[in-house]
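Engineer: sharing a model prediction with you, sequence too.
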Amino acid sequence: QLPFYYNKPKIVVNQKINKQYCKFQYDNLYGICDSNGHVLLQPQTKLFTFINSSFINIDNFVYQFKTHDVICNNCNRIYSIYKNNNNNIIYRSNINQNNYLLFENGKHLTFSSGFIVHVDEKHIYINYDNFMTSYDLDGKFEKHYPFCIEKIYVNQFIAYSVYDSVQQIKLFGVMDKELNAITQPIFQQIEAFNKGYNNVLYKGTWGVIDEKGQWTLPAKYDVNPDIDNGIFVVHCNDKYAIINSKGDNLTDFIFDEVSFHHPFYETKINHKYGIYGLKGNKILDCVYDFIHTTDDSNMVVLEKDKRY
């Protein structure tokens, strides 16, 4: 149903954007048509980024389907989409550190410095060098905070940082989504929450805290622990062990390497490989040259002396 004036028969509709619009390609250039085949945007670009059912990014400008208008020019990086009760909000930051917030209704805000780290139903949060500032959704200043948001996890826990002027370093802590501190900023590094556990670097060694900020494993390990369902692979004095959330050793510190392949651990001792179960129980001694995993999680291929 596309117009005939293209003079070439090969036109590919290669992505359905929503019920009303399709993205099509002609001579390696992209355009937009509606469900009746009427061209809304002529094929004109090789850069075509699908944002959501309302917006696309074409050659660094944002096009809105509802009004067929260009509502934001020079959008060289679209970072994220926030869906809340009131608006879809799209924000981006360009190389000149100008931050733009784009609302689904076409309203947009500009902040000339800092970096937008979070937007919720009522507030915009922007990090500056060593502090954070909040604004309302109209861009009106609300409050300064003596910390910066570093990362927001899926479970809504937030890693924040405070600059220590004496040590001249950032120290990290954990807070809830209401910005209430769960821990003080005492950690040198924080890794992502994994099913209720969080790895932290404290005074040069690694430990694990829970969602309440309590120590699950004390900070005494050399390497960031590997966590899976309350079982931890920890490293100390050049050897690995498997322990539980109570700190009980399920194995001794005997392994050169340990890697998790559900539902087992592949272990290595003196260049030979074996298998241990999820509770630290030995299934196969470390006597094999290689262990090859397969698409079937309950099957492996063992290699020893060039035999399989």
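Structural biologist: Received the coordinates, thanks.
Engineer: what bits of the stretch 151-300 of the chain have low per-residue confidence?
Structural biologist: Applying pLDDT under 70 to the stretch 151-300 of the chain flags the ranges 154-155.
Engineer: let me see the ranges of the helices in it.
Structural biologist: For the stretch 151-300 of the chain, helices defined by DSSP state H, counting those that start in this stretch do not occur.
Engineer: separation between the residue nearest to the spatial centre of the chain and Asn194?
Structural biologist: The centroid of the chain falls nearest to Tyr153 when counting by Cα atoms, centre = their mean (8.1 Å). Using Cβ to Cβ, to the nearest Å, we find Tyr153 at a distance of 9 Å from Asn194. Every C-beta, even on glycine, is put in place using the N, C-alpha and C of the backbone.
Engineer: ok, now Asp164?
Structural biologist: Note on Asp164: its distance to Asn194, by Cβ to Cβ, is 27 Å.
Engineer: neighbour count for the two, which is higher?
Structural biologist: Asn194 (16 against 13; other Cβ atoms under 10 Å).
Engineer: residue contacts, the closest residue to Lys220 other than its chain neighbours?
Structural biologist: Spatial nearest neighbour of Lys220, excluding adjacent residues (Cβ to Cβ, 6 or more residues apart in numbering): Thr205 at 5.4 Å. By Cβ atoms under 8 Å, 6 or more residues apart in numbering, Thr205 lies in contact with Ala219, Lys220, Tyr221, Asp222.
Engineer: okay, now Asn99: neighbour count?
Structural biologist: 20.
Engineer: distance from the chain centre to stretch 190-209, please.
Structural biologist: Taking Cα atoms, centre = their mean, to the nearest Å, one finds stretch 190-209 lying 17 Å from the centre of the chain it belongs to.
Engineer: quick revisit: so the residue nearest to the centre of the chain sits against Ala192, correct?
Structural biologist: Yes: with contact defined as Cβ atoms under 8 Å, Tyr153 reaches Ala192; the gap is 6.1 Å.
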